[in-house]
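Need a 3D model of the following:
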Amino acid sequence: MIQLGAAMLCDAASVRENLIHVLGGGITQLGRSNYPAPLGCDLALTFYVPYEEGRSGLHVAAFCPNPESDGHLFGFEATINMQVDSSVGPQSASLVVPFAGMGIPAPGRYSIEVVADGSVIGSVPFTAVIVDVPEMPSASA
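Numbering: from 1, shown residues only. From the prediction side, this is the model:
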């Protein structure tokens, strides 16, 4: 069974040689001055994959259900090509999902569902709130 080792919203992330590098990780509250607004963060994921005979890829998805309908606000699907070695045991597969430009329609509670090989294996909840943006003082001549 595939396990979710890490899942977090972050300011930015990258993967190098299967190592995940996270900047500003663990976001649970997004403050925006008005809505709809961009999500403005990425999703960092690490999966632990057991050895299975013949496995050549891991199909993953992450999506944010729309609270107003049966659809999704945004989502992402990918296949991670990998060869799992039975002599090593479970191995990790890391992925950064670029959700920064995706939109959220209104303040409220949301959750990004994480799916591997067709099964939901975790979720990343977050709350979108309205924040006041202070006005900039006008320049005097």
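
tell me which element the most centrally placed residue in the chain is part of?
The chain has residue 43 as the residue nearest its centroid, 2.5 Å off, counting by C-alpha atoms, centre = their mean. If you go by DSSP states H and E, residue 43 is part of strand 42-49.

what does that strand rub up against?
2-13, 20, 22, 25, 55, 58, 60, 62, 76, 80, 82, 84, 90-100, 112, 114, 116, 124 (C-beta atoms under 8 Å, 6 or more residues apart in numbering). In this view, the C-beta of every residue, glycine as well, is placed from N, C-alpha and C.

From residue 102, how far out is the residue nearest to the centre of the chain?
As defined by C-beta to C-beta, to the nearest Å, residue 43 lies at a distance of 10 Å from residue 102.

And for residue 95?
16 Å.

give me every residue that touches the closest residue to residue 71 other than its chain neighbours.
Spatially, and ignoring its direct neighbours in sequence, residue 71 is nearest to residue 65 (7.8 Å; C-beta to C-beta, 6 or more residues apart in numbering). Residue 65 makes contacts with 71, 72, 73, 111, 113, as judged by C-beta under 8 Å, 6+ apart.
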